[in-house]
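[1] Predicted model and sequence below, questions to follow.
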Amino acid sequence: MPGPSQPPCVAARPITPGTIVRAGRGVVIACSAAGNVRLVMADGSFLDVYAGVGTAEFFGYAVVGVDGPGTTATAKVTVVE
């Protein structure tokens, strides 16, 4: 969640695995079956994140995509800004 000195998030863009989007201020991961989510960073590198069932917020990460083949969780990833 943004800190007290950060303005609120005003937009959300769901990511379809395999599709590149514009990076925002971070991502929200809503997970219904636990596993790994392979995030694609702005420089093209991967960041594997374990996602448990529930919702997690990752601010300060320049995520531009989700790698479907590298993801084992059932999850929706949304860029927020």
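    The structure has been received and is ready for your questions. Numbers count the residues shown, from 1 in each chain.
[2] Pull the contacting residues for the residue positioned nearest the centre of the chain.
    In the chain, the residue lying closest to the centroid (CA atoms, centre = their mean) is Val27, at 3.7 Å. By CB atoms under 8 Å, 6 or more residues apart in numbering, the contact set of Val27 is 15, 39, 57-58, 61, 63, 77-80. Heads up, the C-betas are built off the backbone N, CA and C, glycines and all.
[3] which residues are contacting stretch 60-68?
    By CB under 8 Å, 6+ apart, the surrounding residues in contact with stretch 60-68 are 15-27, 37-42, 46-47, 77, 79.
[4] rewinding a little: next, format the contacts of Val27 as a markdown table and append distance to Gln6.
    Conversion of those to a markdown table gives the following (distance: CB to CB, whole Å):
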| residue | distance to Gln6 |
| --- | --- |
| Ile15 | 22 |
| Leu39 | 21 |
| Glu57 | 12 |
| Phe58 | 14 |
| Tyr61 | 14 |
| Val63 | 17 |
| Val77 | 20 |
| Thr78 | 17 |
| Val79 | 16 |
| Val80 | 11 |
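[5] What subset of those residues is buried?
    The neighbour-count test (16 or more other CB atoms under 10 Å) marks 15, 39, 58, 61, 63, 77-80 as buried among the contacts of Val27.
[6] Am I right that Ile20 is in contact with Val40?
    Yes - between Ile20 and Val40 there is a contact at 7.1 Å, judged by CB atoms under 8 Å.
[7] on that earlier part again, the residue nearest to the centre of the chain: what secondary structure?
    In three-state terms, and counting by DSSP: H, G, I helix; E, B strand; the rest coil, Val27 is strand.
[8] bridging residues for it?
    Residues found in beta-bridge contact with Val27 (criterion: DSSP bridges) are Phe58, Val79.
[9] Count residues in the vicinity of the nearest residue to Gly26 once chain neighbours are set aside, would you?
    Nearest non-adjacent residue to Gly26, counting by CB to CB, 6 or more residues apart in numbering: Phe59, 3.6 Å away. Residue neighbour count, defined by other CB atoms under 10 Å, stands at 15 for Phe59.
[10] Which parts of the chain are strands?
    12-15, 26-33, 35-41, 46-51, 54-59, 63-66, 74-80 (DSSP state E).
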